[in-house]
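Engineer: requesting a structural model of the entry that follows:
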Amino acid sequence: MSAKQRSQPDSGDSDGDLWVFGYGSLMWRPGFDFIEQVPARLIGEHRALCVYSFDHRGTPEKPGLVLGLDRGGACRGIAFRIAATHREATVAYLRAREQTTNVYREVLRSVWLENETRERVSAMAYVVDRGHVQYAGRLTLAEQVRFVRQGHGRSGNNRDYVLSTVKSIEAQGLRDPQLHQLAELLRDDKPVRS
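Structural biologist: Residues are numbered from 1 along each chain as shown. This next block holds a predicted model:
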């Protein structure tokens with residue numbers, strides 16, 4: 001068994017439905033069939049613009065920035081329930097989409113559904129690998145703006161990625177203060193004050 005195979009968990013009960021936690025582009029462009037989507041909260045990691053994008057929203061020469069789940073705090077996103085019959089195809093699709101450079105660790109995390117039942121489910125999620133060369137850590141707002149403005153990859157420009165994510169967060173009636181501040185600067189093309 002390779003190290004890559006060891007780092008990928010069994011995606012839960014292989015006979016039942018699969019839950020996937022989306023916190024970035026999966027919220028507005030899941031790309032897979034699902035039975036339901038439910039607002040959800042993951043505790044222990046937070047959404048952060050902490051991954052240099054060398055592929056989807058940038059290149060190695062001109063990296064963009066994309067989101068990762070990073071240590072600490074909590075994150076509100078969307079939990080998608082996928083029928084057991086689509087489990088294998090969905091996991092394969094997500095690995096092909098999210099793991100092009102292996103900057104994420106595919107993990108199972110407890111998420112709390114924000115619906116009438118308020119149940120806890122185990123969901124597949126992508127957590128940033130802090131030891132990976134693409135881990136950007138905590139950047140200043142000015143650095144974030146610079147990388148997002150320059151970023152363009154095979155999935156499009158980085159600015160659209162950030163603005164679409166913010167729009168999806170707002171559609172849930174939520175705010176992400178750091179992303180919203182960045183989005184304002186990107187919408188207006190305002191210079192960043194030091």
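Engineer: so residue 38 sits in a helix?
Structural biologist: No - secondary structure of residue 38 (DSSP: H, G, I helix; E, B strand; the rest coil): strand, not part of a helix.
Engineer: OK, contacts around it?
Structural biologist: 78, 79, 81, 113, 114, 115 (Cβ atoms under 8 Å, 6 or more residues apart in numbering). C-beta here means a position set from N, CA and C on the backbone, and glycine is covered the same way.
Engineer: tell me the pLDDT of the first one.
Structural biologist: According to the model's per-residue confidence, residue 78 sits at a pLDDT of 97.
Engineer: mind listing the residues bridging to it?
Structural biologist: Residue 78 has these beta-bridge partners by DSSP bridges: residue 22, residue 39.
Engineer: what about it, neighbour count?
Structural biologist: 23 (other Cβ atoms under 10 Å).
Engineer: contacts only, for residue 25.
Structural biologist: 66, 67, 155, 161, 164, 165.
Engineer: which one (most neighbours) among those?
Structural biologist: Busiest of the contacts of residue 25 [other Cβ under 10 Å] is residue 66, holding 31 neighbours.
Engineer: looks to me like that residue is in a strand.
Structural biologist: Yes - under the criterion used here (three-state DSSP), residue 66 sits inside a strand.
Engineer: pLDDT score assigned to it?
Structural biologist: Residue 66 carries a pLDDT value of 97.
Engineer: surely it touches residue 55?
Structural biologist: No - with contacts counted by Cβ atoms under 8 Å, residue 66 stays clear of residue 55, the gap being 9.3 Å.
Engineer: follow-up on the earlier one: who wins for most neighbours among the contacts of residue 38?
Structural biologist: That'd be residue 79 among the contacts of residue 38, by other Cβ under 10 Å, with 25 neighbours.
Engineer: that one and residue 122, how far apart?
Structural biologist: Distance, residue 79 to residue 122, by Cβ to Cβ, to the nearest Å: 10 Å.
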